[in-house]
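Asker: Provided below for reference: sequence and predicted model.
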Amino acid sequence: MAAINQDILRAQLETRKQRLDAAMARAGRNGEFERLMHEVDHALERMEEGTFGICESCHEHVGDEWLRVNPLAKYCIEHLNLEQQRELQADLDMASHIQRGLLPKPDVKMDGWELHFHYAPAGPVSGDYCDVIPPANGGGDSYFLLGDVSGHGVAASMLMTQLHATFRSLVSLGLPVNKLVETANRIFCESVPTGQYATLVCGRANRSGEVEISNAGHLPVLAVQSGKVARLGATSVPLGMFCLGNFPVQKIQLGAGDSLVLFTDGLSEARNARDAEYGIARLTNLVGQRHTLSPSALVEACLSDVKTFSNGAARADDQTLMVLRRAA
Ligand SMILES: [Zn+2]
């Protein structure tokens, strides 16, 4: 994950200050505005002094993740008072609830396709992005999306929900897949202030088995055709890096029973107690051997193999796995 950039943060805080000024000019003096203005000024002063991001209680760095969520933070999460901690917990619970509400059903049947996914945040919220958009009238193009926002926790989850909303609105315009991702990237770029980015696979499948995939800096998609597994690697950089990017698509033709397997690094980079990595090669082999399974059974088989490999080692990252299969 990119380290937080203080110049960008300072510019953001200056903008907030101007907006507050404008709001105060319109609304007149107001205790809440003045308190906020004071907090923003204080944060800017701390940047000048070089004490920005340092906890006033323990004098350790409060952490980039926490600063992304709250650039006015004066205390690390451990040194918030009880009431502040309770508020934070309530916000997290709410965020977790909202995020789970955005997920599609784990088993989806679309025009000529079956899909199953598994989505497991490492904490209360996740930076993994997973969505499925069936054709509007039951027939036509089906969209599937899977991605990973840099970082973890609340800041990443906020960007994930933004991606979700962006793609949900753009898909209805019927753009070609490359234009769809290009437009989403522009919107994402404009609202990502601190050098965060998102890797993403955006795919569109039609009922005759043709699939178009744009892979923006994400891990390869495994394409299983007649039991042989090919890797469809990235065709562009992740979203959020350059506002004017191209997002070329790869086209493949899937026959009955062929499938696509999409995953995030929480799965392929799962580690065991000896710190060995699960790896894409092992996943590729497994998928090739078990390719006749239904999407849900294949997802189960992969998860169970990762679990066997990890052998009780704690899961460190969000894990998402999706299998899309052309109906036989
Ligand atoms: Zn502290």
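Answerer: Yep, that arrived.
Asker: stretch 126-144: end-to-end distance?
Answerer: 18 Å (C-alpha to C-alpha, to the nearest Å).
Asker: residues touching residue 37, list them.
Answerer: 17, 20-21, 24 (C-beta atoms under 8 Å, 6 or more residues apart in numbering). For glycine as for every other residue, the C-beta is placed from the backbone atoms N, C-alpha and C.
Asker: relative to the ion, how far out is it?
Answerer: Per C-beta to the ion, to the nearest Å, residue 37 is found 25 Å from the ion.
Asker: mind checking the SS state of that residue?
Answerer: Three-state call for residue 37 (DSSP: H, G, I helix; E, B strand; the rest coil): helix.
Asker: show me what contacts residue 311?
Answerer: Neighbours of residue 311 in contact, by C-beta under 8 Å, 6+ apart: 272-273.
Asker: hmm, try it at 6 Å
Answerer: Applying C-beta atoms under 6 Å, 6 or more residues apart in numbering, we find residue 311 in contact with residue 272.
Asker: so for it, what pLDDT did the model give?
Answerer: We have a pLDDT of 89 for residue 311.
Asker: let me know the pLDDT of the residue of the stretch 151-300 of the chain found nearest the ion.
Answerer: Across the stretch 151-300 of the chain, no residue is closer to the ion than residue 153, which sits at 17.1 Å (C-beta to the ion). As summarised for this prediction, residue 153 has a pLDDT of 77.
Asker: can you list phi and psi of it for me?
Answerer: When read as degrees, to the nearest 10, the backbone of residue 153 gives phi 70, psi -160.
Asker: in helices only, show me the contacts of residue 37.
Answerer: Using DSSP state H, the members of those that fall in helices are 17, 20-21, 24.
Asker: now do the SS call for the nearest residue to residue 235 once chain neighbours are set aside.
Answerer: The shortest distance from residue 235 to any non-neighbouring residue, by C-beta to C-beta, 6 or more residues apart in numbering, is to residue 248 (4.7 Å). Three-state call for residue 248 (three-state DSSP): coil.
Asker: hmm, residue 234 and residue 248 touching each other?
Answerer: No. Shown here, residue 248 and residue 234 do not form a contact pair, counting by C-beta atoms under 6 Å, at 10.2 Å.
Asker: mind checking which of those two has more residues around it?
Answerer: Using other C-beta atoms under 10 Å as the criterion, residue 248 and residue 234 rank with residue 234 on top: 17 against 13.
Asker: how close does the more buried one sit to residue 216?
Answerer: According to C-beta to C-beta, to the nearest Å, residue 234 and residue 216 sit 7 Å apart.
Asker: kindly report the same for residue 17.
Answerer: 34 Å.
Asker: residue 42 now?
Answerer: Distance from residue 42 to residue 216, by C-beta to C-beta: 39 Å.
Asker: just residue 108 next, same as before
Answerer: Taking C-beta to C-beta, one finds residue 108 at 23 Å from residue 216.
Asker: domain parsing for the protein?
Answerer: Following automatic domain parsing, one gets these domains for the chain: 6-80, 98-326.
Asker: how far is the shortest one from where the chain is centred?
Answerer: Between the mean C-alpha location of domain 6-80 and the chain-wide mean there is a distance of 26 Å, by C-alpha atoms, centre = their mean, to the nearest Å.
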